[in-house]
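Student: could you work out the structure for the sequence below:
(2 chains)
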Amino acid sequence: MSKSTVRYILRRLVISLITLFVILVVLFCMVRFLPGSPINNEHLSDAQRAAIEASYGLNLPLPQQFVKYMSGMLTGDFGVSMNLYRDMQVSSLVATRAPISFFLGLSACILGTLVGILLGVVAALKKNTIWDTLATVLSVIGVSIPSFVFAMLILMIFGTNLHILPTMYSSSQPIYSAIMPIIALSMSVIANVARFTRTEMISVLNSDYIMLAKAKGLSRKDIILKHALRNTLIPIVTILGPILVNLMTGTMVVEKICSVPGLGLLLINSIQASDYNVILACSFLYAAMYIIMMLVIDVSYGIIDPRIRLGKDE
Amino acid sequence: MTQSEALKKYQFQPEDFQLAQHRDALEVDQVMPARPAWKDSINLFLRNKGAVIGIICIVIITLFAIFAPMLSSWKYDDINTSIQNISPCAQHWFGTDTLGRDLWVRLWQGTRISLFVAVAAILIDVVIGVTYGMISGYFGGKVDSVMQRIQEVINSIPTLVVLTILLMVMKSNLFTIIMALAFTEWIGMSRITRAQVLKTKEEEFVLASRTLGAGSFFIIFKEILPNIYSQMIIMVMMSIPNAIFYEAYLSFVGLGLPIPEASLGTLINDGFNTLTITPYQMTIPVIVFSILMLSFNLVGDGLRDALDPTMKEM
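Tutor: The predicted structure is shown next:
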């Protein structure tokens, strides 16, 4: 790694940290301005309500609350849930749910990339045939239609009509009940990857070194597997960013439809219950994941393709 | 033997000579008639079957969305408990929902709102984004780097977190949803504008204009802006389905339009709650939603190929 690369990574790290801090401040303030209070039991008198709010430290001035929250956060304490899961540690709530969301997202990403590459390669090799058209149509549909529509369709066809897949997530059969959300989520990945692989593969197949390989008398299989495919796959990293962002938004809605107890569903439920600490922790986690992902992808460009000079941006 | 003697001995026959080029093969270079660029673009666009189908679908859906609620004898918010959950029939073409509201009217009213929200949000973000990108790109230097840092920070907060938090704080209604969508979508617009401005402002015609004494204002609006129209149109077409999707997403999270308003998102969400009993309540809005998303994407792709042939495929 050159000096400019290191400098670039350091600069990005600093910006990411500042951004995270800004996000935390903004989130913290906005959550406190939410209409409605987490202590919304109608049977409580005003004095009882005030007492409960005081026990959570909600009566303190905002800056003091923030400092308290920040210092707790640095030691891994994200506060307690005030409404949804009364007095449970937010960190343990998140810790039980995040792995489910990660599992869904990651499997969808891997499945989608593999199928997408296969589809794209087939389309490129059989260019201008019925297979190519089919793959193109499929990828346009996959790109345009959001994953929650696929989730609903699969739920309706295979869940309620054919009874092949479970309509509700059950924690006793995590793999079996994850099939539906994973397939629904992987659709957009398949479409994006297939589209990209096709164009990339076609341009690689037209390049001079493939002609040289043909002239040397290599077999078609060798040319495709050893020369063309490898050079096609590298640029796929460049579209992983938008794909992963898509997946993150997708998981939230798909988790609701398939009632998967993941991070997205926790966030949706906590919004409806105005459960301050849970909202804060979940949205902060989403933002942090997003920022880390972007950082890793941007840095990996330079490592994978040295022609992209990282230090010399703008 | 001299040369002339040898020549005398040699007899030329008529067949010895042949026309170097056959007369029929002679061709006059055709001068293409001067045509404005937009005519070429329209021709290119019309040759793309998918894009033409897309634009026809959009026009039909828009016409229905405008006129169907006016022409129907039902009102979209008329609650009539005597006609709950009627399946599609001659009187109620798409059936009625759990509160006895006619779904044909509600569907088109919802489509109207969804389209309105998306178009309004995108128009606002074009204004914000283009202004921001223009200023940042044209003036460069300190202004540019400060504006870019601000944009970098805003951009690294995931859209879904921004939307969720914004709409939790502001009471969600038509206006706040449009504002929130405009707030999250302008960054892409400003990026493209900035890149184009950076490219265009070094061109000779801008230099010529400046030499003739044109001010910054004149150069920005008369010289640079006309050169980025095509990019803007493409960007708008690509952003509209995004806005429609995020509106639907908000309804799913429980931050959509308040009842009794209808949008495609709220209709799908309401229908989803009674999926097992009355599947048509969800299927019909999902179909219209998917066709709309698909059409906008197809038209966007077609426009990109027609207006900017160098930018083909990603």
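
Student: what residue is smack in the middle of the chain?
Tutor: You didn't say which chain, so I picked chain A. Ranked by distance to the mean C-alpha position of chain A (C-alpha atoms, centre = their mean), the top residue is residue A:248 at 2.8 Å.

Student: to clarify, I was referring to chain B.
Tutor: Mean-position check on chain B, C-alpha atoms, centre = their mean. Result residue B:237 at 0.3 Å.

Student: who touches it in this structure?
Tutor: By C-beta atoms under 8 Å, 6 or more residues apart in numbering or on different chains, the contact set of residue B:237 is B:296, B:299, B:300, B:303. Any C-beta I mention is one placed from the backbone N, CA and C, and that applies to glycine too.

Student: the second one reaches residue B:56, doesn't it?
Tutor: Same thing as residue B:299. No - using C-beta atoms under 8 Å, residue B:299 is not in contact with residue B:56, being 9.9 Å away.

Student: higher neighbour count, these two?
Tutor: When residue B:299 and residue B:56 are compared for neighbours, residue B:299 comes out ahead with 25 against 12, by other C-beta atoms under 10 Å in any protein chain shown.

Student: not counting sequence-adjacent ones, nearest residue to the more buried one?
Tutor: Setting aside the residues directly before and after it, residue B:299 is nearest to residue B:54 in space (C-beta to C-beta, 6 or more residues apart in numbering or on different chains), at 4.2 Å.

Student: how about the helices in the chain?
Tutor: Let's take chain A. If DSSP state H is used as the criterion, the helices of chain A fall at A:3-32, A:46-55, A:62-74, A:90-125, A:130-144, A:147-154, A:174-205, A:208-215, A:220-222, A:229-233, A:237-257, A:263-272, A:276-304.

Student: switch to chain B, please.
Tutor: B:3-9, B:37-47, B:49-71, B:103-139, B:141-155, B:159-169, B:174-200, B:204-211, B:216-218, B:229-253, B:264-273, B:280-307.

Student: so who does the residue of the stretch 1-150 of chain A found nearest chain B touch?
Tutor: As assessed by C-beta to the nearest C-beta, chain B sits closest to residue A:144 within the stretch 1-150 of chain A, at 3.9 Å. Taking C-beta under 8 Å, 6+ apart, we find residue A:144 in contact with B:241, B:290, B:293, B:294, B:296, B:297, B:298.

Student: also near chain A: which of the residues you listed, exactly?
Tutor: Residues of those in contact with chain A (C-beta under 8 Å from any C-beta of the partner chain): B:241, B:290, B:293, B:294, B:296, B:297, B:298.

Student: the third one touches residue B:241, doesn't it?
Tutor: Yes - under the contact definition of C-beta under 8 Å, residue B:293 touches residue B:241, with a separation of 4.8 Å.

Student: what's around the spatially closest residue to residue B:237 that is not a sequence neighbour, how many residues?
Tutor: Here the nearest residue to residue B:237 in space, its sequence neighbours aside, is residue B:300; by C-beta to C-beta, 6+ apart that works out to 3.8 Å. For residue B:300, the neighbour count with other C-beta under 10 Å is 22.

Student: so residue B:300 makes contact with residue B:234?
Tutor: Yes - between residue B:300 and residue B:234 a contact is recorded at 6.6 Å, counting by C-beta under 8 Å.

Student: low pLDDT regions in the stretch 201-314 of chain A?
Tutor: Applying pLDDT under 70 to the stretch 201-314 of chain A flags the ranges A:302, A:304-314.

Student: same question for the stretch 1-150 of chain A.
Tutor: By pLDDT under 70, the low-scoring segments of the stretch 1-150 of chain A are A:1, A:34-43.

Student: return the residues of it in contact with chain B.
Tutor: Contact residues, the stretch 1-150 of chain A versus chain B (C-beta under 8 Å from any C-beta): A:15-16, A:18-19, A:22-23, A:26-27, A:30-31, A:33-35, A:140-141, A:143-146, A:148-149.

Student: let's go with 10 Å and repeat that
Tutor: Selection of the stretch 1-150 of chain A residues close to chain B by C-beta under 10 Å from any C-beta of the partner chain yields A:12, A:15-16, A:18-20, A:22-23, A:26-27, A:29-36, A:136-137, A:140-141, A:143-146, A:148-150.

Student: re earlier: what sits in contact with each of residue B:293 and residue B:241?
Tutor: By C-beta atoms under 10 Å, 6 or more residues apart in numbering or on different chains, residue B:293 and residue B:241 have these common neighbours: A:143, A:144, A:145, A:146.

Student: with adjacent residues omitted, what lies nearest to the second one?
Tutor: Okay, so that is residue A:144. Closest residue to residue A:144 apart from its sequence neighbours, by C-beta to C-beta, 6+ apart: residue B:297 at 3.9 Å.

Student: assess the claim that the one you found and residue A:145 are in contact.
Tutor: Yes - with contact defined as C-beta atoms under 10 Å, residue B:297 counts as touching residue A:145 (8.9 Å).

Student: what is in contact with those two at once?
Tutor: With C-beta under 10 Å, 6+ apart, residue B:297 and residue A:145 have common neighbours residue B:241.

Student: point me to the residue of chain B nearest chain A.
Tutor: Proximity of chain B to chain A (C-beta to the nearest C-beta) peaks at residue B:297, 3.9 Å away.

Student: show me the residues around that residue that make contact.
Tutor: For residue B:297, the contacting residues are A:140, A:141, A:143, A:144, A:145, B:50, B:51, B:54, B:237, B:238, B:240, B:241, by C-beta under 10 Å, 6+ apart.

Student: ok, residue B:89 to residue A:264 distance?
Tutor: From residue B:89 across to residue A:264, the span is 38 Å (C-beta to C-beta, to the nearest Å).

Student: more crowded one of these two?
Tutor: residue A:264 (27 against 10).

Student: that one and chain B, how far apart?
Tutor: Plainly put, residue A:264 is 9 Å away from chain B if you go by C-beta to the nearest C-beta, to the nearest Å.

Student: go ahead and confirm that residue touches residue A:148.
Tutor: No - the pair residue A:264 / residue A:148 is not scored as a contact, 11.1 Å apart, by C-beta under 10 Å.

Student: who touches both of the two?
Tutor: A:249, A:250, A:252, A:253, A:254, A:255, A:256.

Student: and these near chain B, which?
Tutor: Counting by C-beta under 10 Å from any C-beta, A:249, A:250, A:252, A:253, A:254, A:256 from those sit close to chain B.

Student: count the neighbours of the fourth one for me.
Tutor: Counted with other C-beta under 10 Å, the neighbours of residue A:253 add up to 28.

Student: is it correct that it is in contact with residue B:254?
Tutor: No - applying C-beta under 10 Å, one finds residue A:253 not in contact with residue B:254, separated by 11.6 Å.

Student: who touches both of these two?
Tutor: Here residue A:253 and residue B:254 have A:268, B:269 as joint contacts, going by C-beta under 10 Å, 6+ apart.

Student: from what I can see residue B:218 touches residue B:138, true?
Tutor: No - using C-beta under 10 Å, residue B:218 is not in contact with residue B:138, being 12.0 Å away.

Student: out of the two, which sits in the more crowded spot?
Tutor: Comparing residue B:218 with residue B:138 by other C-beta under 10 Å, the one with more neighbours is residue B:138, at 20 against 13.

Student: tell me the pLDDT at the residue nearest to residue B:239 when sequence neighbours are not counted?
Tutor: Using C-beta to C-beta, 6+ apart and skipping the chain neighbours, the partner closest in space to residue B:239 is residue B:122 (5.1 Å). What the model reports for residue B:122 is a pLDDT of 91.

Student: ok, now which ones touch residue B:122?
Tutor: Counting by C-beta under 10 Å, 6+ apart, residue B:122 has contacts B:129, B:178, B:181-182, B:185-186, B:189, B:235-240, B:242-244.

Student: ok, back up a step: which of the helices of chain A sits closest to residue B:280?
Tutor: When those are compared by C-beta to C-beta, helix A:147-154 sits nearest residue B:280, at 13.1 Å.
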